[in-house]
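kindly return the folded structure for what I paste below:
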Amino acid sequence: MVDEPISEEQEALEPSDEEQPEAIAGALDEPTPEEPAEPRVRLVPWWPFIILLLLWLALAGGAVALLREAAVAGEARWTREYDLIVTVGVVLTALGPLMSLGVWLIARIRADVEARAGLLVSALLRGAVVTTLGVALWVGALVVLDLLSNGRLVF
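The predicted structure is shown next:
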């Protein structure tokens, strides 16, 4: 191969080593870390919130199953079971934030000082999501019972 002479235009287009941006040059000079970063451990468990959601599902399903016949007869709202279902729903609604604080406190005690950031937000967010879903299921079950008692829903 014969080296062809480089014209001045081609030389102007090709950056020299001295003209490289400082960011690229600095990135190439940085040493690589010797130890890989440790994977992040989930400190706030999901299982208490899943149990709470299962309790909400049991309440909603049990309410419709228990009061379906009374709702068709138009008497569901005046039974002791309906009062109990409303009371249990209110208790589960209050249990959501209280359980979130308990889960946070246990996770905070178990976590290292460096790993405590964000634990409260994580626990409260999980509790809020589960409580919102549970209240939606509960109110939905009460609406189904009301529609059954009014004769607008038949099954």
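
so which residues make contact with stretch 79-92?
52, 55-56, 59, 62-63, 66-67, 70, 76, 131, 134-135, 138, 141-142, 145 (C-beta atoms under 8 Å, 6 or more residues apart in numbering). All C-beta atoms are positioned from the backbone trio N, CA, C, and that covers glycine.

pull out the buried residues from those.
Burial by neighbour count, judged by 16 or more other C-beta atoms under 10 Å, picks out 52, 55-56, 59, 63, 66-67, 70, 76, 131, 134-135, 138, 141-142, 145 from the contacts of stretch 79-92.

what sits against the residue nearest to the spatial centre of the chain?
Among the residues of the chain, the one closest to the centroid is R126, at 5.0 Å (C-alpha atoms, centre = their mean). Listed by C-beta under 8 Å, 6+ apart, the contact set of R126 reads V44, W46, F49, S100, V103.

and if we set it to 7 Å?
By C-beta atoms under 7 Å, 6 or more residues apart in numbering, R126 lies in contact with V44, F49, S100.

before we move on, which element is the residue nearest to V103 when sequence neighbours are not counted in?
Among residues not flanking V103 along the chain, A123 sits closest, at 4.9 Å (C-beta to C-beta, 6 or more residues apart in numbering). Element membership of A123, judged by DSSP states H and E, is helix 119-150.

please, where are all the helices along this protein?
8-13, 22-29, 47-72, 80-110, 119-150 (DSSP state H).

from the chain's centre, how far out does the longest one sit?
By that I understand helix 119-150. 15 Å (C-alpha atoms, centre = their mean, to the nearest Å).

about what we covered before: which stretch in the helices of the chain has the least confidence?
Sorting the helices of the chain by mean pLDDT places helix 22-29 lowest, at a mean of 55.

which parts of stretch 92-102 are buried?
L92, L95, G96, M99, S100.

returning to what we had before: go through the helix holding A123 and flag the buried ones.
Those would be 119-120, 122-124, 126-127, 130-131, 133-135, 137-138, 141-142, 144-145, 148-149, for helix 119-150 by 16+ other C-beta under 10 Å.
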